[in-house]
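just coords:
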């Protein structure tokens, strides 16, 4: 009998572990499915994270309610029925149809996730607190808190395997099928345990043994159960948003911060003896000060490893502090266990909602990181207040300095800013200056920290393309030598400031594709490239790939793909399926021009593979900058089946062959990984 009991006890552990693994494996999988319909925006993952936190809260609320149900038999039967319904919903986990999602992205994401993985996710979310409660009833003892760390270990394993193994070796279709099989197994195991729990009594009726000295938790304690995880969630969301916006919207940069976040849960709940407040507090002060200084230097580029490492280290110490302090304040009364989990989840959801939804609504600029740092310092002040004046002084000064950082960033952004606007697709800002002097007035459109077009307003430069679009750049060469002087049909994915309209001539037709509705008014009203161009200009709102797919053949002589937000890469624009759409829209002998200037990712080998798969040739044009003309060093890849175009002396002199890499394969909508293309050191041109 003892052996049977032990086997059932281990079944609790394995079920919690499997449920946690499935819970966090489905998160990047579901978000990746949504990316193509929403322009590859980095905000997709942040919004998904918001949904997951809310669903986690609902799961904990359900577990809290079920644990208080008077009839254990009714509770068990209800849980089994919901598990069966969740398993039946697995047929809905397919590639979503979000053709109109771009207009209402938040609603589309929440609705799609609710209708596909909503109930399965809720059941998985309830697993850890509910099964721990059932086990506590069976053993008539305190809640086994260490199983919470086992849950996080399963989550951590899922996050480690997804970008390194699952994403690289399984298509999305196979991922969905494998995950569904895992959920069916989980539902069976959880159903067995639910049926076994039907004879147990609720903790508040069963009168379990209570540790000596246990008492009900006070109001301050419960408030901190909520605020500490809220601060950690703000950190997670802000750091993830920063990495996704400025590097790439890919699962790797989604799961790294989330893995660090979960690791701090494991340390806090499984090995609380490793937490040394005095050490963590000092390291946290150093990290907040260092990154606060780094954020104040908005014009400095940092190598990818250093940038990721710094932010993940800060995230680790901040979340470890919040989670370990929450564990210190855990209830001693077992009947408060589910309330503790409920407030942890509520705080996590609140922090995520504030960063993901509240900040874009409240602020025109992106202050997410600075606000998360400020919240962390304020929480540290509240938690360590009773430790004396040294701690009070330390965190009072730290809070004041971080508040000053928020104010300073606002002043820096506002000093030369004409317009600021933030929405789902990012933060836009138009900066005006009078340097260099020969330009008279200079206006620059920025998405985050990345320039998306600059115009010099001196009469002799007003219609001169600048930055990455100089006449000797890849796109400049394509437009000059594509058509032997006849009128051109030009497509441009990504409007920016409208710089490419400067190449327009009488008789030309230029069609811009832009997903962000805030960009066009800025380009039309604060820059003159569009209205000064003699070409016929038209616009297609929404995701470019979806628009190009449904439009009749445009017969473009040149189709420029320049749709990167910050340095983030919408991978759905770089797949074999996307190439088929582009080819259908090109005129015979037409040219695809991909803008691939990027600090962190070398896309040229991937585009070479895509070109080869499409039966086309690819050449890279890497041109130096010229500060006297406002030109930046730029990298463009020209893809065409027009050998005569590539053979022209002016093209052949600048367009180079691309070195193909054995580990790089042509991406598809179902299978893509950015790992082989990451540049871990900062290229010289940046």
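Done, it's in. Computed from a predicted model, the values in this text were never measured in an experiment. Numbering: from 1, shown residues only.

from here on, contacts and neighbour counts on C-alpha atoms
Noted.

helix, strand or coil for residue 620?
Reducing the assignment at residue 620 to three states with DSSP: H, G, I helix; E, B strand; the rest coil gives strand.

In terms of helices and strands, where is residue 461?
In this structure, residue 461 is located outside every helix and strand according to DSSP states H and E.

Give me the neighbour count for it.
Residue 461 sits with 16 neighbouring residues when counted by other Cα atoms under 10 Å.

do the same with residue 561
Using other Cα under 10 Å as the criterion, residue 561 is surrounded by 23 other residues.

Name all residues that make contact with it.
492-494, 592-595 (Cα atoms under 8 Å, 6 or more residues apart in numbering).

What strands line up against the helix or strand where residue 537 lies, and which way round?
Taking DSSP H and E as the criterion, residue 537 maps to strand 536-541. Taking DSSP bridges as the criterion, strand 536-541 pairs within the sheet with strand 509-514 (parallel).

Could you list the low-confidence segments of the stretch 351-500 of the chain?
Within the stretch 351-500 of the chain, the set of residues satisfying pLDDT under 70 comprises 388-392, 394-395, 398, 402, 405-406, 409-410, 412-413.

and after the helix or strand of the chain with the lowest mean pLDDT, which helix or strand comes next?
Here the helix or strand of the chain ranked lowest by mean pLDDT, DSSP states H and E is helix 203-206, holding a mean of 47. The C-terminal neighbour of helix 203-206 among helices and strands, as given by DSSP H and E, is helix 219-246.

what comes up buried for the longest helix seen in the chain?
The helix of greatest length in the chain, counted in residues with DSSP state H as the criterion, is given as helix 2-34. Along helix 2-34, these residues count as buried under the neighbour rule (16 or more other Cα atoms under 10 Å): 8, 11-34.

Against which helices or strands is it packed?
Contacts of helix 2-34 with other secondary structure elements, assessed using 3 or more Cα pairs under 8 Å, 6 or more residues apart in numbering; DSSP states H and E, are made with helix 43-67, helix 118-125, helix 127-139, helix 146-161, helix 172-196, helix 251-270.

And the pLDDT for the closest residue to residue 573 other than its chain neighbours?
Residue nearest to residue 573 in three dimensions, not counting chain neighbours: residue 545, with 6.7 Å by Cα to Cα, 6 or more residues apart in numbering. Per-residue confidence at residue 545 stands at 90 (pLDDT).

Can you point out the helix or strand that includes residue 545?
With the criterion set as DSSP H and E, the secondary-structure element containing residue 545 is helix 544-550.

which helices and strands sit right next to that helix?
If contacts are counted by 3+ Cα pairs under 8 Å, 6+ apart, helix 544-550 sits against strand 509-514, helix 576-585.

Just put those in CSV and tack on mean pLDDT, mean neighbour count and distance to residue 119.
Putting the helices and strands packed on helix 544-550 into CSV (pLDDT from 0 to 100; neighbours: other Cα atoms under 10 Å; distance: least, Cα to Cα, whole Å) gives the following:
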stretch, mean pLDDT, mean neighbour count, distance to residue 119
strand 509-514, 97, 22, 35
helix 576-585, 96, 19, 32
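
Parallel or antiparallel, which strands does the helix or strand hosting residue 446 pair with?
Residue 446 is part of strand 442-447 when elements are defined by DSSP H and E. Strand 442-447 sits in its sheet next to strand 426-433 (antiparallel), strand 450-456 (antiparallel), going by DSSP bridges.

Kindly calculate the angle that the first one makes with helix 43-67.
Put plainly, it is strand 426-433. In terms of direction (axes from the mean of the first three to the mean of the last three Cα atoms, to 10 degrees), strand 426-433 departs from helix 43-67 by 140 degrees.

which residues sit against strand 426-433?
When contacts are taken as Cα under 8 Å, 6+ apart, the neighbours of strand 426-433 outside the stretch itself are 43, 364-366, 416-422, 441-448, 519, 565.

one more time with 6 Å, if that's ok
The contact list for strand 426-433 (Cα atoms under 6 Å, 6 or more residues apart in numbering) reads 365, 416-422, 442-448.

quick one on the thing from earlier: turn the strands paired with strand 442-447 into TSV, columns for mean neighbour count.
Compiled in TSV, the strands paired with strand 442-447 are given as follows (neighbours: other Cα atoms under 10 Å):
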stretch	mean neighbour count
strand 426-433	22
strand 450-456	24
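
what's the closest of those strands to residue 601?
Closest of the strands paired with strand 442-447 to residue 601 is strand 450-456, at 14.7 Å (criterion: Cα to Cα).

could you check the angle helix 219-246 makes with that closest one?
Comparing the axes of strand 450-456 and helix 219-246 via the same axes, to 10 degrees yields an angle of 60 degrees.

I'd like to know how many residues surround residue 131.
Under the criterion other Cα under 10 Å, the count of neighbours that residue 131 has is 24.

typo on my end, it should be residue 675
When neighbours are counted by other Cα under 10 Å, residue 675 registers 14.

what's the pLDDT at it?
75.

distance of it from residue 164?
The span separating residue 675 from residue 164 equals 8 Å under the rule Cα to Cα, to the nearest Å.

Residue 605 now?
Spatial separation of residue 605 from residue 164 under the definition Cα to Cα is 20 Å.

between those two, who's got more neighbours?
residue 605 (23 against 14).

Next up, identify which helix or strand that one is on.
Using DSSP H and E, residue 605 falls within helix 604-613.

Check what contacts that helix and list those residues.
Helix 604-613 is contacted from outside by 617-618, 660, 666, using Cα under 6 Å, 6+ apart.

can you give me the offset of it from its chain's centre?
Relative to its chain's centre, helix 604-613 lies at 26 Å (Cα atoms, centre = their mean, to the nearest Å).

Same question for stretch 539-555.
On the basis of Cα atoms, centre = their mean, stretch 539-555 sits 26 Å off its chain's mean C-alpha point.

And for stretch 363-380?
So, by Cα atoms, centre = their mean, the centroid of stretch 363-380 is 18 Å from its chain's centroid.

can you give me the angle the helix or strand that the helix holding residue 545 is followed by makes with helix 576-585?
Stepping forward along the backbone from helix 544-550, the first helix or strand reached (DSSP H and E) is strand 556-561. Orientation of strand 556-561 against helix 576-585 (the same axes, to 10 degrees) gives an angle of 150 degrees.

Rounded mean pLDDT for strand 556-561, please.
Rounded to a whole number, the mean pLDDT of strand 556-561 is 97.

What strands flank that strand, and is each parallel or antiparallel?
Applying DSSP bridges, strand 556-561 is found paired with strand 489-493 (parallel), strand 586-595 (parallel).

List of residues touching the first one?
Judged by Cα under 6 Å, 6+ apart, the contacts made with strand 489-493 from elsewhere in the structure are 508-513, 556-563.

Using CSV, lay out the helices and strands packed on helix 2-34 together with mean pLDDT and distance to residue 434.
Written out in CSV, the entries for the helices and strands packed on helix 2-34 read as follows (pLDDT from 0 to 100; distance: least, Cα to Cα, whole Å):
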stretch, mean pLDDT, distance to residue 434
helix 43-67, 87, 33
helix 118-125, 93, 53
helix 127-139, 77, 59
helix 146-161, 80, 48
helix 172-196, 91, 50
helix 251-270, 82, 37
